[in-house]
Structures are given as C-alpha cells and as structure tokens.
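Chemist: Pasting the sequence and the predicted model now:
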Amino acid sequence: MPYLVECLASVERQTLDPARMEVIAVDDGSTDGTGEYLEEFAARAAIPVTVIHQENSGGPSGPRNVGLGKAAGRYVFFLDADDRLGPEALERMVAMADKNNTDVVLGKVEGINRKPPKSMWHKTLDRTDVFSSNIKFTLSAQKLFRRALLEQHGMRFDESLWTGEDALFTMEAYLRADGVSVVADYPCYYLVGREDGKHVTKTGSYTLRFDSARALMNLIADMVPAGPRRDTLMVRPFLVTLLPQFGPKFLKDSEEVRRHKMELAQPLMDTHWNHEVARRLRVHERLRLHLVAVQRPALLLDVIEFVRAKKQAGALLEKRGTHVYLVYPHFRAETAGIPDWIYLAEPREARAVEGYREEAANTFLRRALRRMRRTLPTRGVKAAAV
C-alpha cells in the first residue's frame, strides 16, 4: 500500500477475458492494510481471486512459491505489488506463447522513477534463446512462464536466497525452455520506483550479493558444458552482480569490508573467471575483475578512482592499427605486472578509436589462427608399416 491499489487496478484493466484469468494474492504478513484491501478486491473483482494470508517470510521466494503451488492456469506471471501491467500485457504475451509454442515470454519493461533493462527490447522475437539474444540481462521474475515447464522440472524459488532468487529461477527457465519469445513493441510491465527506496534488490548486506552471484554461477556451470556458451552466460553474474561490489562503493568501504569482499570473491574468481569471459567485457570492467582475481586491492582502488572520475583512457595503437590498448592505470607498469591483453580493446570498443583498422585486425587474427593450426598434430594420418 498504496502502490498495491494501482497494481490491482492494472490487473482489472487487462483486455484478456477475466474468465481466462485468476489472481492469487499472497499477503506475506503485511501490517499496512494490504490484507484488508486484498479481501475487498476479491469480493468485488470480476476476476476469480484467491487471497492467502501468512506470517512474514522476509523475502519474495516463499510467497511466490505458495502462489505457484495454488496456480491452475496454463501460464503464470509474477506481478510485484508496487509495479503494474500495461492494459494489453497478458493478452499479448499469452497470444505470443500460443502462436509460437514457447515456454517463456518477455514483455517490454518501462520504468517509472526507476531504470529498466533496455538491451533486449530492440526487436520483437517470435522465438529465441538465452544464447542468441540479450535476455540474460533481464532475470527478474516478471515474465510469462508456461506452468507445465515449471511443474515438469519441479522449479521453485530458492528460499535460502534473500536477493537474486528471481535470477536463479529465470535463468533456469531460459535454459530449460523450448523457446523464448520477446514482445518489444508494447510496454507490458511498468517497473515502479518507490519513493521510500525500499526495494528488496537495493537493500540488505553486501554479502547477499555474493550469495546471489555464487548461486547463479553454479547454476550456469551445472547446466551448461564448459565452452563459449557457458562463457557468454557467465558475463551476466560477473558484470551485473559481482562487479558493482568493486565500483565506487568500494572506495567508501572500510578496510575490513574491502578485505572481506576480496575474500568472498576469490573462490568465485578461481572457479569461474577465465580469459574467454574476460574478453567479453569492456577494458575497465575486465581490469577491475582481473585485479580482484589476483587479489590486488591497492591497484584496484586506483582504477576505480579513475573510472569514477569519468576520465577518458588514452588509446595506444600498435601492429599497424590492428591492436588498440586503452591506457587505464598501471598499463605496462613493471611493478603491477598486469598482462597487456587485459588492456586490449575488443572491436566493439576499439571502433571508437580513430585509426583502428578492424578489417586488417580480422585478417591478422585469421592468419594467426592458420599458423596455430599448422603447428597442431595432423589427425587421421596412418602410421607407416614397419
């Protein structure tokens, strides 16, 4: 309350036939009149409404699991009480799932006093997957899920996690789904920023973020064999969950907290960080995580200060313009010993540098690969008879 009033009003405004919908509202020990308002809504709404009252669980996983256990429809959608739906949201998402026989549908998200994810809404996609699109960068629970998929695999939200539980659930659904659809041409979901700032994802101890990163990394490692596909997905927990702990807030942390963060990160870096994950990041992101991996907090502070000040890193072009090194702190400093490749910009970042020769760089890379292949043992050659 009072966000719930507009949230439920957006449900009533749905263009989907009320007879095709059900609302399961879980009052998780609220003390602000939410429970009473839900009962009033259930008594007057044209949509069938079930209200469940329970003791406060402390997080969203428990209530969502209770609601999921009561659901009877072909699809389920998890709507947070402070957000709202676009009027045609459910009709469009259900139609998309029915048309393409996909198991998960993402509806475009817009923000109200809050920044929404953006990179996955460039184009409506009838059928895609987590490897060939940017959907890995939206792992909130506000998606349309085919209930049969969730029941087939016994999927529920992890109640041991206080944040990031939706990322775990949604990533698993992406990986298990027979296709994912994206509705990008209509705002289906409005992510509302609360005036009091009390969003679960923005509160709680920093240790919860490491718990969330660990759980997501382990899920990806368990479900996806080692290789480029796993590396592509690992970008998400490193970039979105772990890296912010080593951003500007790290400068304000006490020495004890800094030391603890480095300790918490070390097993994650040792297990999941590698060259292929690193090269998928921008130079300053890769550099910071490398310094975490090698446990160099003093050097890390210099880089964070540089990035926070929004300084422009110089560019050094080598090998006839095919290599662009971005000169962030400690580049080629003997005392730091940071490998050059950490500072080597990938094409998407190098293109902004005048003089970069991408076509020549690609030719250089192909030649290097051919030379490497010539040094490999030849397969299938029969041994000479003795």
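Modeler: Good, I have the coordinates.

Chemist: For the stretch 151-300 of the chain, just list every one of the strands.
Modeler: Using DSSP state E, counting those that start in this stretch, the strands of the stretch 151-300 of the chain run over 180-192.

Chemist: Low-confidence ranges, it, go.
Modeler: Low-confidence segments of the stretch 151-300 of the chain (pLDDT under 70): 196-204.

Chemist: how many other residues sit next to the spatially closest residue to residue 10 that is not a sequence neighbour?
Modeler: Of all residues not flanking residue 10 in the chain, residue 84 sits nearest, at 3.7 Å (Cβ to Cβ, 6 or more residues apart in numbering). No exception for glycine: its C-beta is placed from N, CA and C like everyone else's. Applying other Cβ atoms under 10 Å, we find 22 residues neighbouring residue 84.

Chemist: Need phi/psi at residue 84.
Modeler: In terms of degrees, to the nearest 10, the main-chain angles of residue 84 are phi -150, psi 160.

Chemist: Wait, it touches residue 192, no?
Modeler: Yes - between residue 84 and residue 192 there is a contact under Cβ atoms under 8 Å: 6.7 Å.

Chemist: Report the contact partners of residue 359.
Modeler: If you count contacts by Cβ atoms under 8 Å, 6 or more residues apart in numbering, residue 359 has none.

Chemist: residue boundaries of the helices in the stretch 251-386 of the chain?
Modeler: For the stretch 251-386 of the chain, helices defined by DSSP state H, counting those that start in this stretch occupy the ranges 255-272, 275-278, 283-293, 297-308, 347-350, 358-374.

Chemist: Correction: the previous question concerned the stretch 1-150 of the chain.
Modeler: Here the stretch 1-150 of the chain has its helices, by DSSP H, counting those that start in this stretch, at 3-12, 34-44, 61-70, 89-100, 147-152.

Chemist: give me the beta-bridge partners of the residue nearest to residue 10?
Modeler: Using DSSP bridges, the beta-bridge partners of residue 84 come out as residue 190.

Chemist: what do you get for residue 314?
Modeler: Beta-bridge partners of residue 314, as defined by DSSP bridges: residue 327.

Chemist: wait, isn't it in contact with residue 329?
Modeler: No - when contacts are counted by Cβ under 8 Å, residue 314 is not listed as touching residue 329 (11.1 Å).

Chemist: and those two? which has more neighbours close in?
Modeler: The neighbour count for residue 314 versus residue 329, taken as other Cβ under 10 Å, is higher for residue 329 (21 against 11).

Chemist: Need the per-residue pLDDT for the more buried one.
Modeler: Per-residue pLDDT puts residue 329 at 98.

Chemist: Now do it against residue 297, distance only.
Modeler: In this structure, residue 329 and residue 297 are 14 Å apart, going by Cβ to Cβ, to the nearest Å.

Chemist: Now do the same contact list for the most centrally placed residue in the chain.
Modeler: Nearest to the mean C-alpha position of the chain, by Cα atoms, centre = their mean, lies residue 137 at 3.7 Å. By Cβ under 8 Å, 6+ apart, the residues touching residue 137 are 117, 119-120, 236, 240.

Chemist: now, of the helices of the stretch 251-386 of the chain, which is deepest in the fold?
Modeler: helix 283-293 (a mean of 22; mean count of other Cβ atoms under 10 Å).

Chemist: Surely residue 342 is in contact with residue 289?
Modeler: No - applying Cβ under 8 Å, one finds residue 342 not in contact with residue 289, separated by 9.5 Å.

Chemist: anything in contact with each of the two?
Modeler: Joint contacts of residue 342 and residue 289 (Cβ under 8 Å, 6+ apart) are residue 278.
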